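[1] sharing a model prediction with you, sequence too.
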Amino acid sequence: MAHEISERELQLPPAMIEKLIKYASERKDVISLGPGEPDFPAPRPLVDYTEKIAGRCSHYSPPGGRRDLKEAIIKKLKKENRIRCSEENIVVTAGSQEALLLATAATHDATEQMLVPEPGFLAYIPTIEMMDAVPVSLPLRESEGFQVNPDRLKKLITKKTQALMINTPSNPTGAVMPKKLLEEIADIAVERDIYIFSDEAYERIIYGGKHVSPGSLNGMHDYVISFFTFSKTYAMCGYRLGYCAAPVDVADAVKKMHVYTSICAPTISQMLGVKALSLPRRHVDSMVKEYKRRRDYLVKRLNEMGLRTRMPQGAFYAFSNIQKYSKDSWRFAQRLLREQKVAVIPGTEFGPSGEGYIRCSFATKMPLIEKACDRMEKFLRKN
Ligand SMILES: Cc1ncc(COP(=O)(O)O)c(C=O)c1O
């Protein structure tokens, strides 16, 4: 039988990154700087707790999240993010990716637009397209530190614009947005009456500077939908646990659709989430300390071999300019993989403005990073 596939699905770009990561993971001789997830296991107390609660979590959880988890999230948001909210503002989801999708659906009718700074997280554009809304590219420039330029942002806002995505710390550039810039953007959002989608997946993976949550800024309560995840902070990607904090009507709409999509985030993960939020900071701090050591080493090596790389201030990615060697980041990544068995992600996976760049993840063990750098150096010398 010829199966009819919807136009919506056919329009989606194939996830090339999946192919690359699959190839790298199947070949023992390949070193992958591709991963978008922590290489650490979840902290020991969480692993132990998983065994303890295994027999107690076979039922659905209440729509939108267990009460104990929501209470713990509210405390965390107040203390760490300076966001004040109550239970009605929170929706617990299967990873923050689900919340991003449902919040897009909740706030965008077909043909309405969301501004997406790019290079940016590779799921943003397909997520918006899946909801029949329209992603509008806001190109970020290396010369501007991959920061949103408020003047260029203003020019892109139209009557159809419903929201602006921001992601600090950023995947893939590692840029962290300063408070002053966030305030400027917040003023624009209020003036033009658009939502800010604030993706804070890497809120705790930050080196030296300070993470500022846009939802904590004066008067932004009604304008910001904030997205958080346990995936990166607690190395819990596989547990699929995230949440959003939104104005009550938006949260209600997200919750309604969440019931029809995943019903609830896995109960075992929600119970672990409560435990994770009670852990002392040192569990996360020790991972961040190790990421920083790897970051310093990798960025130095990349610059020394002629791949200009800004020092990432957060997340665990180095975003390198390859233009001295190639104008085609996909071809560059493929040849590097074929000739030297090092997997990196071509910048175009993160949007058209990623052309001329590659992303190297340092969520990879130090000896492998060292070896990968030696191989990359060899590759560049030959080419
Ligand atoms: C910027 C960003 N946002 C959101 C996500 C989705 O994370 P999860 O669905 O695991 O919470 C990711 C995952 O890589 C990411 O990098």
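    Yep, it's here. Here the structure is a predicted model, which is why all the values come from computation and not from measurement. Residues are numbered from 1 along each chain as shown.

[2] rest of the way, CA atoms for contacts and neighbours
    Will do.

[3] grab the longest helix from this structure for me.
    helix 282-304 (DSSP state H).

[4] so how far is the next helix or strand after that one off the chain centroid?
    The first helix or strand that comes after helix 282-304 along the chain, using DSSP states H and E, is strand 308-309. Put simply, strand 308-309 sits 21 Å off its chain's centre (Cα atoms, centre = their mean, to the nearest Å).

[5] count the residues that sit near residue 118.
    By other Cα atoms under 10 Å, 29 other residues sit near residue 118.

[6] and the helices in the chain, which stretches?
    For the chain, helices defined by DSSP H occupy the ranges 7-11, 16-26, 44-53, 67-76, 95-107, 124-130, 150-156, 179-192, 248-261, 267-277, 282-304, 329-340, 366-382.

[7] about what we covered before: what angle separates the longest helix of the chain from helix 366-382?
    Between helix 282-304 and helix 366-382, the angle comes out at 20 degrees (axes from the mean of the first three to the mean of the last three Cα atoms, to 10 degrees).

[8] helices or strands up against helix 282-304?
    Helix 282-304 sits against strand 308-309, strand 317-321, helix 366-382, with contacts defined as 3 or more Cα pairs under 8 Å, 6 or more residues apart in numbering; DSSP states H and E.

[9] point out the most buried one among the helices of the chain.
    Mean neighbour count (mean count of other Cα atoms under 10 Å) peaks for helix 95-107 among these, with a mean of 23.

[10] can you tell me what sits against it?
    With contact meaning Cα atoms under 8 Å, 6 or more residues apart in numbering, helix 95-107 is reached by 91-93, 127-128, 131, 162, 201, 227-231, 237, 240-244, 250, 253-254, 257-258, 265.

[11] now, which of the residues you listed lie within strands?
    Among the contacts of helix 95-107, the members found in strands (DSSP state E) are 91-93, 162, 227-229, 242-244.

[12] other SSEs contacting the helix or strand bottoming out on mean pLDDT in the chain?
    Least confident helix or strand, the chain: helix 16-26 with a mean of 75, by mean pLDDT, DSSP states H and E. Applying 3+ Cα pairs under 8 Å, 6+ apart, we find helix 16-26 packed against strand 31-32, strand 342-343.

[13] next, the angle helix 329-340 makes with it.
    Using the same axes, to 10 degrees: helix 16-26 against helix 329-340 is 10 degrees.

[14] what does helix 16-26 rub up against?
    30-32, 34-35, 343, 345, 349.

[15] okay, those residues in CSV with distance to the ligand and neighbour count next?
    Converted to CSV, the contacts of helix 16-26 look like this (distance: Cα to the nearest ligand atom, whole Å; neighbours: other Cα atoms under 10 Å):
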residue, distance to the ligand, neighbour count
30, 21, 17
31, 19, 21
32, 16, 26
34, 11, 25
35, 9, 20
343, 17, 27
345, 13, 28
349, 13, 25
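
[16] export the residues you listed as TSV, with columns for pLDDT.
    Conversion of these to TSV gives the following (pLDDT from 0 to 100):
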residue	pLDDT
30	94
31	95
32	93
34	90
35	85
343	94
345	95
349	94
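
[17] distance to residue 282 added to the residues you listed, as a markdown table?
    Shown next, in a markdown table, are the contacts of helix 16-26 (distance: Cα to Cα, whole Å):
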| residue | distance to residue 282 |
| --- | --- |
| 30 | 33 |
| 31 | 29 |
| 32 | 28 |
| 34 | 27 |
| 35 | 24 |
| 343 | 31 |
| 345 | 31 |
| 349 | 34 |
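
[18] wait, isn't residue 146 in contact with residue 171?
    No: with contact defined as Cα atoms under 8 Å, residue 146 does not reach residue 171; the gap is 11.0 Å.

[19] out of those two, which sits in the busier spot?
    In terms of neighbours (other Cα under 10 Å), residue 171 is the more surrounded of residue 146 and residue 171; the figures are 25 against 22.

[20] contacts only, for that one.
    Residue 171 touches 120-121, 315, 317, counting by Cα under 8 Å, 6+ apart.

[21] for residue 160, same thing?
    Counted by Cα under 8 Å, 6+ apart, residue 160 has contacts 111-113.

[22] list just the nearest of those residues to the ligand.
    Ranked by distance to the ligand (Cα to the nearest ligand atom), the contacts of residue 160 are led by residue 113 at 19.2 Å.
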